[in-house]
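Chemist: Attaching a predicted model along with its sequence, questions to come.
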Amino acid sequence: MTPTVFPDPESLGAALAARIADGIAAASAGRRPYVLGCPGGRSLLTTYHALADEVRARRLPLGHLVVAMMDEYAEPQPDGTFRHVDPSAAHSCVRFGRDEILRRLNAAALGTGINPDRFLVPDPADPAAFDRRIAELGGVELFLLASGAGDGHIAFNPAGTHRDAPTRVVALAEQTRRDNLATFAGFGGRLENVPRHGVTVGTGTIRAQSHSVVMVAHGAHKAEAVRRLTAAEHYEPDWPATVVTECADPLLYVDLAAARS
Ligand SMILES: O=C(O)[C@H](O)[C@@H](O)[C@H](O)[C@H](O)COP(=O)(O)O
């Protein structure tokens, strides 16, 4: 893939937010849903911030926007089932989505905000329901993507994931857990604080259900991710983020620091 290089994460976020805002406006005019696939973590923060600015400046209504979070940490229960971690936890992707996306965008929307039933998170009790709901909505208009720095995980899909994997509960790879120490400061840098399981959108779901994708990588620590993604011509299971190469209308947005190193 050929990356589009931006000077810094802020200019990257501004360009991507303008693209998303165009899509939301078009969907609103056409009275159809606009499903936006969203990672938690640091990579898309500048985009979410800039999107709030776009929503405010363009007075965008958000009634057609569906925010689909790509994953959440999960805890095993005594009966062998799993449930989401406490949504008030600092590392919860549900918390991240509510604070960094819903609350921010709703505060910027002058009129209609995001309907609470249009915030989707895969449920460890019924992961397949997430894929069904996405399909019912007509797919994901734009899936925002990020790559793990150390192992190329995408959402929580670990190295070795099959390209057609559905949304499901997974055991987190140790390197994914190590990468996520940096993603969520609330772990206090202690690996034992990082949960061992998660519910994740599948690589197959991302491939089959996305109408377009933008993979974002910024910072010198993402240099290896950028190297792997630019070199990839097809899906490479040892770096699951390479699934981006097999998605419809894929783009790779990076900053100078990630591109240079
Ligand atoms: O946190 C999540 O929702 C994702 O599961 C995870 O895959 C994340 O996107 C990457 O670990 C990159 O994280 P950063 O963007 O913080 O580098």
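Modeler: Alright, I've got the coordinates.
Chemist: The most centrally placed residue in the chain and the ligand, how far apart?
Modeler: Geometric centre of the chain, nearest residue: residue 39, 2.0 Å, by CA atoms, centre = their mean. Distance, residue 39 to the ligand, by CB to the nearest ligand atom, to the nearest Å: 4 Å. Every C-beta, even on glycine, is put in place using the N, C-alpha and C of the backbone.
Chemist: What residues are bridge-paired with the residue nearest to that residue when sequence neighbours are not counted?
Modeler: The shortest distance from residue 39 to any non-neighbouring residue, by CB to CB, 6 or more residues apart in numbering, is to residue 146 (4.6 Å). Counting by DSSP bridges, residue 146 forms beta bridges with residue 216.
Chemist: how about residue 146, what does it touch?
Modeler: Residues in contact with residue 146 (CB atoms under 8 Å, 6 or more residues apart in numbering) are 39, 41, 43-44, 154, 215-217, 241.
Chemist: quick one: least confident of those residues?
Modeler: pLDDT across those is lowest for residue 41, at 95.
Chemist: Name the secondary structure element that contains that residue.
Modeler: Per DSSP states H and E: residue 41 is located in neither a helix nor a strand.
Chemist: Could you double-check that it lies in contact with residue 185?
Modeler: No: if you go by CB atoms under 8 Å, residue 41 and residue 185 don't touch, sitting 11.2 Å apart.
Chemist: more neighbours, those two?
Modeler: residue 41 (20 against 11; other CB atoms under 10 Å).
Chemist: residues in contact with the more buried one?
Modeler: Contacts of residue 41 by CB under 8 Å, 6+ apart are 96, 146, 180, 183-184.
Chemist: returning to what we had before: ok, of the contacts of residue 146, which one's closest to residue 75?
Modeler: residue 41 (19.6 Å; CB to CB).
Chemist: can you give me the helices in the stretch 151-261 of the chain?
Modeler: 174-183, 203-209, 223-231, 256-260 (DSSP state H, counting those that start in this stretch).
Chemist: Enumerate the residues of this structure near the ligand.
Modeler: 39-43, 70-71, 93, 146, 148-149, 153-156, 179-180, 183 (CB under 6 Å from any ligand atom).
Chemist: Tell me which of the helices of the stretch 151-261 of the chain sits most buried.
Modeler: Among these, helix 203-209 has the highest mean neighbour count (mean count of other CB atoms under 10 Å), at a mean of 23.
Chemist: what residues does it touch?
Modeler: For helix 203-209, the external contacting residues (CB under 8 Å, 6+ apart) are 37, 130-131, 134-135, 139-140, 143, 145, 154-155, 157, 161-167, 213, 235, 240, 243, 246-247.
Chemist: List only buried entries from the residues you listed.
Modeler: Buried by 16 or more other CB atoms under 10 Å: 37, 130-131, 134, 139-140, 143, 145, 154-155, 157, 161, 163, 165-167, 213, 235, 240, 243, 246-247, out of the contacts of helix 203-209.
Chemist: What is whatever helix or strand residue 66 lives in packed up against?
Modeler: Secondary structure from DSSP H and E places residue 66 in strand 65-69. Judged by 3 or more CB pairs under 8 Å, 6 or more residues apart in numbering; DSSP states H and E, strand 65-69 is in contact with strand 34-38, helix 93-96, strand 119-120.
Chemist: quick revisit: backbone phi and psi for the residue nearest to the centre of the chain, please?
Modeler: As for residue 39, its main-chain torsions (degrees, to the nearest 10) stand at phi -80, psi 150.
Chemist: No more questions from me, cheers.
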